[in-house]
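Visitor: Would you be able to build a 3D model of this:
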Amino acid sequence: MSGLFIAIEGLDGAGTTTQTDLLTQWLAGMGKPCHRTNEPSRGPIGVLIREFLAGHNAPADPDALALLFAADRMDHLRREIRPALDAGMIVVSDRYVLSSLAYQGRQGNLSWVRELNSRATVPDVVIFLEVGVSTCLTRLQSRGTTQDIYENEGVLTAVYDGYQAALAATPSDSVVILDGEQAPTAVFEAIKKVVLSRL
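Guide: So this is what the prediction gives:
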């Protein structure tokens, strides 16, 4: 694969979608071939997961959801990510494996979730937006949209701890932690520096 694979990670409300959009627009504006994607994916398994996250018939067992996320990721890799990388594109994903480690691994099964995702392509760089739970909650509430099953203080606090555990167990040379509490424009300037150093 000759492309560049970037994953942007963080809690719900951390700004991953905003920064993924800004980054892909900026890359396209520079004439760089890029592909924007997200997880859950737009594939059939990802669509099912989105229904569950909205609170519709979610599996009672959290391990079942972890399996679905891993299956969606493998399908996503085959349908979108690997073909784009093979074509020499820059792939920017709004969430990836680190999200599974934090969200599904937070219940004490981190090593199992890591094993489920062991065949997933490793990003060239993971950008983690460090944002506190209270800030994320404020941002989520200001959206005025229906919150999903993860968007409450108790879950976000547990997921924040899950991210810290996942980050501690991830090779530091592939992860860049940025202060996501800043204004979106300031966060994006920091992201641009990270990406430019890898182009």
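Visitor: looking at this, Arg120 is in a helix?
Guide: Not quite, residue 120 is Ala, not Arg. No - inclusion of Ala120 in a helix is not indicated when DSSP: H, G, I helix; E, B strand; the rest coil is applied; the result is coil.
Visitor: Pretty sure it sits against Ser100.
Guide: No - distance between Ala120 and Ser100: 9.0 Å, which falls outside the contact criterion (CB atoms under 8 Å). Any C-beta I mention is one placed from the backbone N, CA and C, and that applies to glycine too.
Visitor: shared neighbours of the two, anything?
Guide: Shared contacts of Ala120 and Ser100 (CB atoms under 8 Å, 6 or more residues apart in numbering): 70, 73.
Visitor: so Thr17 sits in a helix?
Guide: Yes - judged by three-state DSSP, Thr17 forms part of a helix.
Visitor: what's around it, how many residues?
Guide: 15 (other CB atoms under 10 Å).
Visitor: From Asp94, how far out is it?
Guide: Here the distance between Thr17 and Asp94 works out to 5 Å (CB to CB, to the nearest Å).
Visitor: OK, contacts around Pro175?
Guide: If you look again at residue 175, you'll see it is Val, not Pro. Contacts of Val175 by CB under 8 Å, 6+ apart are 98, 125-128, 167.
Visitor: Let me fix that, I meant to ask about Ser174.
Guide: Shown here is Ser174, whose contacts under the criterion CB under 8 Å, 6+ apart are 122-126.
Visitor: Which members of those residues are the farthest-apart pair?
Guide: Spatially, the most separated pair among the contacts of Ser174 is Val122 and Val125, at 10.1 Å (CB to CB).
Visitor: For the closest residue to Leu178 other than its chain neighbours, what is the enclosing helix or strand?
Guide: Distance criterion CB to CB, 6 or more residues apart in numbering; nearest residue to Leu178, sequence neighbours excluded, is Ala190 at 4.9 Å. Secondary-structure element containing Ala190, defined by DSSP states H and E: helix 184-196.
Visitor: before we move on, back to that, any residues in contact with both of Val122 and Val125?
Guide: Residues within reach of Val122 and of Val125 at once, by CB under 8 Å, 6+ apart, are 5, 174.
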